[in-house]
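1. coordinates only, no sequence provided:
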């Protein structure tokens, strides 16, 4: 079957798939929340055995894959490998062979942060089994547009919290907080508590509440980073995490403004290499910073960061994002990574 995006899988196919589970499935993509929801839908019934993709070997799985469950009255057991990127890299031939002839004793599910579409494994799973893509950014090949993402938020995510979310409110949330579904889900859950029964969450409520103390604290963190004040940045970061915010949700909020500064710096450097004249205001505008007050704030932040830190922002943000979704996704390690990241950014 064709590759399913998580938006479509969760809203249209999850129940049907759970009723007739596939012999092999793979869930991949950069959005950890979409991966988690998709994995839950695929493993909602039956006997499930999970393995860590960082440490498991193919020899550890062979017996489990060929052994039926003793507890589910003849139903297939489910073998899951989470964080399977390294596992797939180490055992590609064995996996390709299994996907071609998966057997009848068990179901096999892989969860990965990425899976290249030009590999035989990708094509084999997409052709005969179930492959779910879990990214929240727009992607024409997968049919992910601003409209489909908006509908997913207003229907599926808001529905999880028995809330009604206006389309304009959904757009405002994405504008203010980015595309990370987990963070948006958390905020919709909070906003649902403010609404009277039957009253929708509208754009005015989003801009009033979401941009409240939490938004101000994030701005204080980025200002402290730009000023090289690591201690203040860590104090404000601790305030948010003590309030229940997870590092996986905080990084996109912090990154939102810093990424635009990095994009503006990259544009300036590109024009310099071409020997072209440039105006900082033009670079900031191209990076999405247009309001006069935001432009002045961005100028001050870039001055505080300096050229060296500013030109490294995009690479550092990507590295932190990948680590937070991979090697440092566990409780404790995620906080350590975010604190170390803030210290590195704020270091003069």
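-> Alright, I've got the coordinates. Bear in mind the structure is a predicted one, so any value in this text is a computation, not a measurement.
2. residue 293 - how many residues pack around it?
-> Each residue near residue 293 was counted by other CB atoms under 10 Å, and the total is 7. Just so you know, the C-beta spots here come from the backbone N, C-alpha and C atoms, and that holds for glycine as well.
3. which of the three states applies to it?
-> Per DSSP: H, G, I helix; E, B strand; the rest coil, the secondary structure class of residue 293 is helix.
4. list the contacts of it.
-> Counting by CB atoms under 8 Å, 6 or more residues apart in numbering, residue 293 makes contact with nothing.
5. could you find the closest non-adjacent residue to residue 257?
-> In space, and not counting its chain neighbours, residue 257 is closest to residue 222: 5.1 Å by CB to CB, 6 or more residues apart in numbering.
6. ok, that neighbour touching residue 302?
-> No. Judged on CB atoms under 8 Å, residue 222 makes no contact with residue 302 at a distance of 11.6 Å.
7. check which helices and strands the helix or strand containing the residue nearest to residue 257 sits against.
-> Element membership of residue 222, judged by DSSP states H and E, is helix 213-227. With contacts defined as 3 or more CB pairs under 8 Å, 6 or more residues apart in numbering; DSSP states H and E, helix 213-227 has these neighbours: helix 230-242, helix 247-273, helix 292-325, helix 333-346.
8. can you check what angle separates the longest one from helix 213-227?
-> What that stands for is helix 292-325. Taking axes from the mean of the first three to the mean of the last three CA atoms, to 10 degrees, helix 292-325 and helix 213-227 form an angle of 90 degrees between their directions.
9. show me what contacts the nearest residue to residue 246 once chain neighbours are set aside?
-> Distance criterion CB to CB, 6+ apart; nearest residue to residue 246, sequence neighbours excluded, is residue 334 at 7.1 Å. By CB under 8 Å, 6+ apart, the contact set of residue 334 is 246, 247, 248, 324, 328.
10. report pLDDT for residue 334.
-> For residue 334, the pLDDT comes out at 85.
11. mind checking how far it is from residue 241?
-> The gap separating residue 334 from residue 241 is 10 Å, by CB to CB, to the nearest Å.
12. which residues do those two both contact?
-> With CB under 8 Å, 6+ apart, residue 334 and residue 241 have common neighbours residue 247.
13. now do the contacts for residue 307.
-> Residue 307 makes contact with residue 265 under the criterion CB under 8 Å, 6+ apart.
14. also residue 115?
-> Residue 115 touches 26, 28, 88, 121, 122, 131, counting by CB under 8 Å, 6+ apart.
15. how close does it get to residue 284?
-> 36 Å.
16. okay, the helices and strands packed on helix 213-227 in CSV with distance to residue 61 next?
-> Shown next, in CSV, are the helices and strands packed on helix 213-227 (distance: least, CB to CB, whole Å):
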stretch, distance to residue 61
helix 230-242, 37
helix 247-273, 28
helix 292-325, 24
helix 333-346, 26
